[in-house]
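K.L.:
Just a sequence and a predicted model for now, questions to come.
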Amino acid sequence: MGVIAPNGIGIEKFWDSIVHGRSGIKTVSRFDVSSYPSKIAGEVRDFDPADYINPKSARRIDRFSQFGVACSQIALMDSNINLERIGRNFLGVAVGSAVGGLPYGEEQYSIFFEKGLNRVYPLFCTRLFVGSGMNNICIELGITGPCYAVSTGCATGPDNIGLAFNMIRDGKIELMLAGAVEAPLSPLTFGSFILIGILSTKNDPPYQSPKPFDKYRDGIVLSEGGAILVLEELHHALNRGAKIYAEIVGFGTTHDAYHLTEPAPDGQQAENAIRLALEDANIPSEDVDYVCAHGSATVLNDKVETMVIKRIFNSKIKSILISSIESMIGHPLGAAGAMKIAASALAIKHGIVPPTINYEYPDPECDLNYVPNKSIKKDLNFVVSNSCSFGGKNSILILRKFSN
């Protein structure tokens, strides 16, 4: 796996922060937010693309693409895969983004408006679209296998990983880089989330927001980063002695077909997505030990997600553990679900359930065990990772502890 998060670059730093409840949320430093009601974000502050990419190449590509190449480099190093040995056409890519290079588009539009077309960056169009992240991974690493860039808002991460999972399961390929990357922090893009009223305005101190499942939660904290996983067919992995964090065993996806920003209040399609994933994994809900929640900290999302979890896990609702790592990383749009899947795999590997930090006041409508403020040691066999998106997309992955 390769992870770049506001609270840690690289798997070790990311996991250390997650398991110890360390937030990456701070006051925005990249642009002036003095006139904005929300002034906090999850910025990745110590990232130097030159650590992973030739500096000349790094200057040509957008920040979200830089995250993609860097996460891929970290993941391949972690997996001990030698591209020369396996052949670059035997590795595929499925890496998406929700907004791609939109923030760069803001910058170039200002230049165009003020100084004219001749002052616009010549390769502007190659940095803008969502698929450029996947393209740059392939170009920088020389990968010539099947490549995709699914973009489904906040469900982008699990949808790309689910696509890669199904390709491997269908026998079309044995190795895939899969996940999502995001860099949405710019004045207009950030401001657009303010306009629809979903950003937290609890600015001081920054690290006490967001507050998933808390009675006084008031919205998401926008952030950036990425997570890319190496997915590998089991026998291929065993034959080369690969390090295995967990197995992906089920994928389910549905659509609310209800509203552009709100989840359907009955939660029926979110529930159906989990049931489809459980059916795909061929396990009963009773086998699940932990739910890595969507947990975005909006009033309605957390309420509906709690209701759905109760209906799915009714028989063991008092023992199942739920937590939201968004309390520590914020909401990096399409990359959120990919980071949660990485955290879920690490939770299985280490037998530790991450906490939901900033949880202070129980909400009568969110009354489950959200692992408040401190991680819990627990042997995990099956984990459900939830992701929901603007527009009503629900995507679920189920991970299992690997045993020979």
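P.N.:
Ah, there it is.
K.L.:
all helices for the stretch 301-404 of the chain, in order.
P.N.:
Listed in chain order, the helices of the stretch 301-404 of the chain (DSSP state H, counting those that start in this stretch) span 326-329, 334-350.
K.L.:
swap in the chain?
P.N.:
11-19, 55-60, 63-79, 83-86, 102-115, 124-128, 131-141, 156-169, 187-195, 234-239, 268-281, 299-312, 326-329, 334-350 (DSSP state H).
K.L.:
what sits against Glu262?
P.N.:
Leu300 (Cβ atoms under 8 Å, 6 or more residues apart in numbering). From N, CA and C alone the C-beta is placed, and that goes for glycine too.
K.L.:
So the residue positioned nearest the centre of the chain versus Ile18, what's the distance?
P.N.:
Geometric centre of the chain, nearest residue: Ala336, 2.3 Å, by Cα atoms, centre = their mean. Plainly put, Ala336 is 13 Å away from Ile18 if you go by Cβ to Cβ, to the nearest Å.
K.L.:
likewise Thr306?
P.N.:
Distance of Thr306 to Ile18, given as Cβ to Cβ: 22 Å.
K.L.:
neighbour count winner among the two?
P.N.:
A direct count of neighbours by other Cβ atoms under 10 Å for Thr306 and Ile18 places Ile18 higher, at 29 against 21.
K.L.:
What residues sit buried inside the helix or strand bottoming out on mean pLDDT in the chain?
P.N.:
Between all helices and strands in the chain, the lowest mean by mean pLDDT, DSSP states H and E belongs to helix 83-86, at a mean of 87. For helix 83-86, burial by neighbour count (16 or more other Cβ atoms under 10 Å) applies to no residue.
K.L.:
then it to PDB, C-alphas only?
P.N.:
Extracted in PDB, the C-alpha atoms of helix 83-86 (Å, rounded to 0.1, in the frame of the first residue of the first chain):
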ATOM      1  CA  LEU A  83       8.400  -4.300 -12.700                       C
ATOM      2  CA  GLU A  84      11.300  -5.400 -14.900                       C
ATOM      3  CA  ARG A  85      10.900  -8.900 -13.700                       C
ATOM      4  CA  ILE A  86       7.100  -9.300 -13.900                       C
END
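K.L.:
so what sits against both of Ala336 and Ile18?
P.N.:
Ile329.
K.L.:
Spatially, what comes nearest to His236 if we skip its sequence neighbours?
P.N.:
In space, His236 comes closest to Glu174 once its chain neighbours are excluded; the distance is 4.5 Å by Cβ to Cβ, 6 or more residues apart in numbering.
K.L.:
what sits against that neighbour?
P.N.:
By Cβ under 8 Å, 6+ apart, the contact set of Glu174 is Phe90, Ile168, Glu232, Glu233, His236.
K.L.:
If any of the residues you listed are buried, put those into a ChimeraX selection.
P.N.:
Selecting only the buried entries of the contacts of Glu174 in ChimeraX, with 16+ other Cβ under 10 Å as the criterion:
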select :168,232,233
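K.L.:
For the contacts of Glu174, could you give me JSON lines that also reports pLDDT and distance to Leu346?
P.N.:
Formatted as JSON lines, the contacts of Glu174 follow (pLDDT from 0 to 100; distance: Cβ to Cβ, whole Å):
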{"residue": "Phe90", "pLDDT": "94", "distance to Leu346": "27"}
{"residue": "Ile168", "pLDDT": "98", "distance to Leu346": "21"}
{"residue": "Glu232", "pLDDT": "98", "distance to Leu346": "17"}
{"residue": "Glu233", "pLDDT": "97", "distance to Leu346": "21"}
{"residue": "His236", "pLDDT": "95", "distance to Leu346": "22"}
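K.L.:
biggest separation within the contacts of Glu174, which pair?
P.N.:
Phe90 and Ile168 (11.8 Å; Cβ to Cβ).
K.L.:
shared neighbours of these two, anything?
P.N.:
With Cβ under 8 Å, 6+ apart as the test, Phe90 and Ile168 both reach Glu174, Leu175.
K.L.:
circling back: between the helices of the stretch 301-404 of the chain, which one is nearest to Cys71?
P.N.:
When those are compared by Cβ to Cβ, helix 334-350 sits nearest Cys71, at 8.8 Å.
K.L.:
got the CA coordinates for the closest one in CSV?
P.N.:
C-alpha atoms of helix 334-350 as CSV (Å, rounded to 0.1, in the frame of the first residue of the first chain):
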residue,chain,number,x,y,z
GLY,A,334,-12.6,10.5,-3.8
ALA,A,335,-9.5,9.5,-1.8
ALA,A,336,-11.5,9.1,1.4
GLY,A,337,-12.7,5.6,0.8
ALA,A,338,-9.3,4.4,-0.5
MET,A,339,-7.7,5.7,2.8
LYS,A,340,-10.4,3.9,4.8
ILE,A,341,-9.7,0.6,3.0
ALA,A,342,-6.0,1.0,3.7
ALA,A,343,-6.8,1.7,7.3
SER,A,344,-9.1,-1.3,7.4
ALA,A,345,-6.4,-3.6,6.1
LEU,A,346,-3.9,-2.2,8.6
ALA,A,347,-6.5,-2.7,11.4
ILE,A,348,-6.8,-6.4,10.4
LYS,A,349,-3.0,-6.8,10.1
HIS,A,350,-2.3,-5.3,13.5
